[in-house]
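A.B. asks: A predicted structure for the sequence below; I have some questions about it.
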Amino acid sequence: MEAALMEPVLVLNRLWQAVNVIAAKRAFSLLASGHAQIVHAEDESFEVFNMMDWVDFSRHNPPAGELELVHTVKYPIRVPRVILLSVFDRMPRKEVKLTRHNVFERDKYTCQYCSKKLPSEDLNLDHVIPRHYGGKTTWQNIVCSCIDCNSRKANRLPHEAKMRLIRKPSAPKWRPVINLVARGKKQEAWKHFLDIAYWNVELEK
């Protein structure tokens, strides 16, 4: 398979909100079926192309990089960096996986008992309600804690250890950009459509 077909393409819903990142191969399929259009950003302006117009644009505006171009039997086509769905106007409903990294992100690398912000190697995960009390491993029962607070609390409830949470833990909201970051590099052409606040991922409700 041509390497350019695996290049990442940002997907916008009908409201121009970033909802996913897909491979160029899938993007071309959506374009060919008429389910999407290409959004080309240049300077501070945007131009929308259908598939045939994009082919013509590609012929007259060849890209510099090899991964920017897909070679077909008839003509080379530029790899789109952003596509706009014709119908879909919702945000996808997904859940954030409960992982150590994501808990640290939600809690901003801050101990939820003493408020100290620390590097990940100096942090632990704590079950607010200990497992031997029936506490489950859920977003509502797992918090980021420093090693000292974790040791002090041990297998007790917070009030038994005379400790208090600085905020109630909850499941974070899923953000499309969490998915985008996980899939790799952010393209320069995406910056117009991804609010900078999204990259400073806010996971709390």
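C.D. replies: Cool, the structure landed.
A.B. asks: now the strands for the protein?
C.D. replies: Counting by DSSP state E, the chain has strands at residues 8-12, 18-23, 36-42, 45-49, 69-71, 76-78, 82-85, 123-127, 142-146.
A.B. asks: Please name every helix or strand in contact with the longest one.
C.D. replies: Yep, that's strand 36-42 we're talking about. When contacts are defined as 3 or more C-beta pairs under 8 Å, 6 or more residues apart in numbering; DSSP states H and E, strand 36-42 packs onto helix 24-32, strand 45-49, helix 51-60, strand 82-85. For every residue, glycine as well, the C-beta is placed using N, CA and C.
A.B. asks: Kindly recompute the last result at 6 Å.
C.D. replies: On a contact count with 3 or more C-beta pairs under 6 Å, 6 or more residues apart in numbering; DSSP states H and E, strand 36-42 meets strand 45-49, strand 82-85.
A.B. asks: winner for burial among these?
C.D. replies: Neighbour counts (mean count of other C-beta atoms under 10 Å) averaged over each of the helices and strands packed on strand 36-42 peak at strand 82-85, with a mean of 22.
A.B. asks: Extract the C-alpha trace of that one and format it as CSV.
C.D. replies: Provided in CSV are the C-alpha atoms of strand 82-85 (Å, rounded to 0.1, in the frame of the first residue of the first chain):
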residue,chain,number,x,y,z
VAL,A,82,-9.0,18.1,6.5
ILE,A,83,-12.3,16.8,5.3
LEU,A,84,-15.8,18.0,6.1
LEU,A,85,-18.7,15.5,6.5
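A.B. asks: So what touches it?
C.D. replies: Counting contacts by C-beta atoms under 6 Å, 6 or more residues apart in numbering, the residues outside strand 82-85 that touch it are 9-14, 27, 36-39, 189.
A.B. asks: any idea how far V48 is from the residue lying closest to N155 once chain neighbours are set aside?
C.D. replies: Nearest residue to N155, sequence neighbours excluded (C-beta to C-beta, 6 or more residues apart in numbering): P130, at 4.6 Å. To V48, P130 is 56 Å away according to C-beta to C-beta, to the nearest Å.
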